[in-house]
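Chemist: Predicted model follows, preceded by the sequence.
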Amino acid sequence: MGLLEAIFLSVIAASTPLLLAAAGELVAERSGVLNLGVEGMMIMGAACGFAGAYLTGSTLIGALFGIAAGAALSLVFAALTLGMAVNQVAAGLALTILGVGLSGLIGAGFVGEKIVPAPALYIPFLTGIPIVGRILFGQDGFVYFSVALVAGIWWFLYRTRAGLILRAVGDSHTSAHALGYPVLKIRLFAVLFGGGCAGLGGAFLPLAYTPFFIPGMTAGRGWIALALVVFSSWRPLRLVGGAYLFGAVTILQLHAQAFGLGIPSQLMSAMPYLATVIVLVLISRARGTAGSAAPASLGMVFVPDR
Amino acid sequence: MQLVLERRAERSTKIAILSPLIAIVLTLVTMAILFAILGKNPIAALNVYFVEPLTDSYSLMEIAVKATPLVMIAIGLSFCYLANVWNIGAEGQFIMGAVCGSWLAVVTNGTGAGPWVLPAMLVMGALGGALWAMIPALCKVKFGANEILTSLMLVYVADLIMDYLVRGPWRDPKGMNFPTTATFDPVANVPVLIEGSRLHAGAIVALIVVMLATVMLGRTIKGFEIRVVGAAPKAARFAGFSSDRLVLFTFAVSGALAGLAGIIEVAGPVGVLQPGISPGYGFTAIIVAFLGRLNPVGILIAGLFLALTFIGGEGAQISMKIPLDLTKVFQGILLFYVLACDSLILYRIRLISPFRKAADGTA
């Protein structure tokens, strides 16, 4: 395996958790709910996903545990923001704090344990194609799923009636309510979907990326996923490019560290975070007076009048 | 049967006062259940967490030590949150304050510099925190970049800058390769208040900050401006208040206070600059700000309460082998309940039966 091929493979692996979490958050935000708890849901997905896989020996069950954990946390968030009309920013922060604590509690017993990482799914013949073979046809199930997920979300949002209604709810909840759509119920489903995706993205880390669990192993990926949604202008297909760009930054700084170019390793480690700030600035600046691409009701509390 | 929220005709002052207390009681009940799940005696665990630290003078002083940074950071954050500005990177501003102030302690180390060192360090710390906070503030004002994400990303960057300095240029040559600066000279230390304890003069600084914030928010035009911009942005524009200027101002104040808290923590209880100077003060302070209802005196009480959970959590880990992460779980749950109870100030929950709904003819 050549170095270039290895780099491509690791970029894809580094991008996948970002793509999964960001795709779910995109749907939630399109319905008008800003859930800042992605980091908390991801780390819970990582802890529960690892616990599930370790106890059952099955990556698939681990992944399902991760999804369930993320969705369960997002249900708490939904109860507060949709049920109790709590400020979404504050509730999202609370969710992250809670998730980090709970994951440490659950994961404590599993630190130092190892599992068999998710196997790469080889496709006979196609995987054997030189160079692109392993990159396109030698990935684990998570990678294929993440790409299919984004495609599915695109199809749902732009090609189905339900997707149209979801976008309407996000753009003007009062109008959608007046038309008789159940705003809060639709948002509940969107938030749960986002939670499940974040949990799966988190579960990817101990199940496929590194075959063990470390407390705090998400290391801000949830926040980067949130930035990716802004980067994508809330469009699913642009999310793929953004996620792979960030994956590339993460991997290239690792390789640069290995080469030891005389640059402090800390500066290299800071690259993904600095890149996020720079990208946010550039994107926001480019939009400038053209107006924000964000759903118009994003982050606003909705209490149906009766 | 269905539970629905209904807007109150006016905000309930009764709930406004009771809500933090209700939230704390609900949190304690939840914690008791959690303890039981973990197989610990809930009563004994709650006792270790919340009562025992209050029974000896050493723990009481430790609570004051831990509350000092929490209160200072949370006061700054309350300015932001009142103005609807979302600075959640106080942890990074805390670290950069500690780094900038420590620079002076490192360069004057062993030079026999005079007593001007500490005051200068405090100024540097506040400046460092404020400048670090200016990055997300300027990104928001100039380019419209979301301050939540940028301020948080800079926490990781600040952490890495400190890590680089204490492992590289600032590492103590006699420190056996540990990532830490040399121990600060006495002139670079915040004086202790009571000999033999860790209670330091920073606690007094925190009290002064509480008083100044009370005056500023309640008695000055700037305080009024902060409230108006946060509560009614449109009205504020008509009044000629600039929201951009306020973003810069609130970020500068909260950054300076976080930075000051950072350098006081390093020059006080810690005594050196090293990784792990903060057990997440910058994030816990967010909870303190909300639990204290964004009110300076409320924040003082809330800060002491959350400091109690840090000390109680350490005690519970030692005496009952309860994992330290439970303290974070506790803090997260507390914030949830606080937010939910605050909602009841503006709304009431009503039980609606499907039959009555039909009879009323409303949907």
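Modeler: On my side now, so go ahead. What you see is a predicted model; the values in this text were computed from it and never measured. Numbering: from 1, shown residues only, chains lettered A, B, ... in the order given.
Chemist: pretty sure B:Thr183 is in contact with B:Val272, am I right?
Modeler: Yes - the criterion here is C-beta atoms under 8 Å, and B:Thr183 meets it with B:Val272 at 5.4 Å. Where C-beta positions appear, they are placed from N, C-alpha and C, glycine not excepted.
Chemist: Looking at those two, which is more packed in?
Modeler: B:Val272 (20 against 15; other C-beta atoms under 10 Å in any protein chain shown).
Chemist: follow-up on the earlier one: mind listing the shared neighbours of B:Thr183 and B:Val272?
Modeler: B:Asp172 (C-beta atoms under 8 Å, 6 or more residues apart in numbering or on different chains).
Chemist: Find me the pLDDT at the closest residue to B:Pro115 other than its chain neighbours, would you?
Modeler: Leaving aside its chain neighbours, B:Pro115 sits nearest to B:Val187 (5.5 Å; criterion: C-beta to C-beta, 6 or more residues apart in numbering or on different chains). Predicted confidence (pLDDT) for B:Val187: 88.
Chemist: Quick one: residues contacting B:Val187.
Modeler: B:108, B:113-115, B:117-118.
Chemist: tell me the pLDDT at the residue in the stretch 101-250 of chain A positioned nearest to chain B?
Modeler: Here the residue of the stretch 101-250 of chain A nearest chain B is A:Gly101; by C-beta to the nearest C-beta that distance is 2.9 Å. At A:Gly101, the predicted lDDT confidence score is 91.
Chemist: Verify the stated contact: it with B:Leu326.
Modeler: Yes - using C-beta under 8 Å, A:Gly101 is in contact with B:Leu326, at 7.1 Å.
Chemist: re earlier: and the furthest pair within the contacts of B:Val187?
Modeler: B:Thr108 and B:Pro115 (11.3 Å; C-beta to C-beta).
Chemist: Looking at these two, which is more packed in?
Modeler: Per other C-beta under 10 Å, whichever of B:Thr108 and B:Pro115 has more neighbours is B:Thr108, with 19 against 9.
Chemist: What's the first helix or strand after the least confident helix or strand in chain A by mean pLDDT?
Modeler: Here the helix or strand of chain A ranked lowest by mean pLDDT, DSSP states H and E is helix A:132-137, holding a mean of 68. Downstream of helix A:132-137, the first helix or strand assigned by DSSP states H and E is helix A:141-159.
Chemist: what packs against that next one?
Modeler: Here helix A:141-159 touches helix A:3-30, helix A:161-171, helix A:183-204, helix A:236-259, going by 3 or more C-beta pairs under 8 Å, 6 or more residues apart in numbering or on different chains; DSSP states H and E.
Chemist: Identify the residues contacting residue 272.
Modeler: Since you didn't name a chain, this refers to chain A. By C-beta under 8 Å, 6+ apart, the neighbours of A:Pro272 are A:220, A:224, A:246, A:249-250, A:253.
Chemist: The chain in question should be chain B.
Modeler: Shown in contact with B:Val272 (C-beta under 8 Å, 6+ apart): B:172, B:180-184, B:266.
Chemist: For it, give me phi and psi.
Modeler: Main-chain torsions, B:Val272, degrees, to the nearest 10: phi -140, psi 160.
Chemist: next one: A:Ala120
Modeler: Backbone torsions of A:Ala120, given as degrees, to the nearest 10, read phi -70, psi 140.
Chemist: hmm, back to that, quick check: chain neighbours aside, which residue is closest to the residue of the stretch 101-250 of chain A closest to chain B?
Modeler: The shortest distance from A:Gly101 to any non-neighbouring residue, by C-beta to C-beta, 6+ apart, is to B:Lys328 (2.9 Å).
Chemist: wait, doesn't the one you found sit right on A:Thr96?
Modeler: No - applying C-beta under 8 Å as the test, B:Lys328 and A:Thr96 come out as separate, 10.2 Å apart.
Chemist: one step back: quick check, nearest of the contacts of B:Val272 to A:Arg187?
Modeler: Closest to A:Arg187, out of all of those and judged by C-beta to C-beta, is B:Val266, at 44.5 Å.
Chemist: quick one: pLDDT of the closest one?
Modeler: At B:Val266, the pLDDT value in this model is 95.
Chemist: And for B:Gln2?
Modeler: Per-residue confidence (pLDDT) for B:Gln2: 69.
Chemist: Skip the chain neighbours and tell me the closest residue to residue 103.
Modeler: All of this refers to chain A. Nearest one to A:Ser103, counting by C-beta to C-beta, 6+ apart, is A:Ala47 at 3.8 Å.
Chemist: right idea, wrong chain: chain B
Modeler: Of all residues not flanking B:Trp103 in the chain, B:Met124 sits nearest, at 6.8 Å (C-beta to C-beta, 6+ apart).
Chemist: May I have the phi/psi pair for A:Gly32?
Modeler: phi 100, psi 10.
Chemist: dump the residue contacts of it.
Modeler: Taking C-beta under 8 Å, 6+ apart, we find A:Gly32 in contact with A:169-171, A:173, A:187, A:295, A:297-300, A:302.
Chemist: let's go with 6 Å and repeat that
Modeler: Residues in contact with A:Gly32, defined by C-beta atoms under 6 Å, 6 or more residues apart in numbering or on different chains, are A:169-170, A:173, A:295, A:297-298.
Chemist: got JSON lines for the residues you listed, with distance to chain B and neighbour count too?
Modeler: Below are the contacts of A:Gly32 laid out as JSON lines (distance: C-beta to the nearest C-beta, whole Å; neighbours: other C-beta atoms under 10 Å in any protein chain shown):
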{"residue": "A:Val169", "distance to chain B": "17", "neighbour count": "28"}
{"residue": "A:Gly170", "distance to chain B": "17", "neighbour count": "27"}
{"residue": "A:His173", "distance to chain B": "14", "neighbour count": "25"}
{"residue": "A:Pro295", "distance to chain B": "14", "neighbour count": "23"}
{"residue": "A:Ser297", "distance to chain B": "16", "neighbour count": "22"}
{"residue": "A:Leu298", "distance to chain B": "11", "neighbour count": "18"}
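Chemist: The nearest residue to A:Leu192 once chain neighbours are set aside is in what secondary structure piece?
Modeler: Excluding the flanking residues, the one nearest A:Leu192 by C-beta to C-beta, 6+ apart is A:Ala71, at 5.2 Å. Using DSSP H and E, A:Ala71 maps to helix A:59-78.
Chemist: Mean confidence (pLDDT) on that helix, please.
Modeler: Averaging pLDDT along helix A:59-78 yields 96.
Chemist: now for it, which elements pack on it?
Modeler: Contacts defined by 3 or more C-beta pairs under 6 Å, 6 or more residues apart in numbering or on different chains; DSSP states H and E place helix A:59-78 against helix A:38-56, helix A:88-107, helix A:183-204.
Chemist: can you state the direction angle for that helix and helix A:141-159?
Modeler: Computed by axes from the mean of the first three to the mean of the last three C-alpha atoms, to 10 degrees, the angle separating helix A:59-78 from helix A:141-159 equals 40 degrees.
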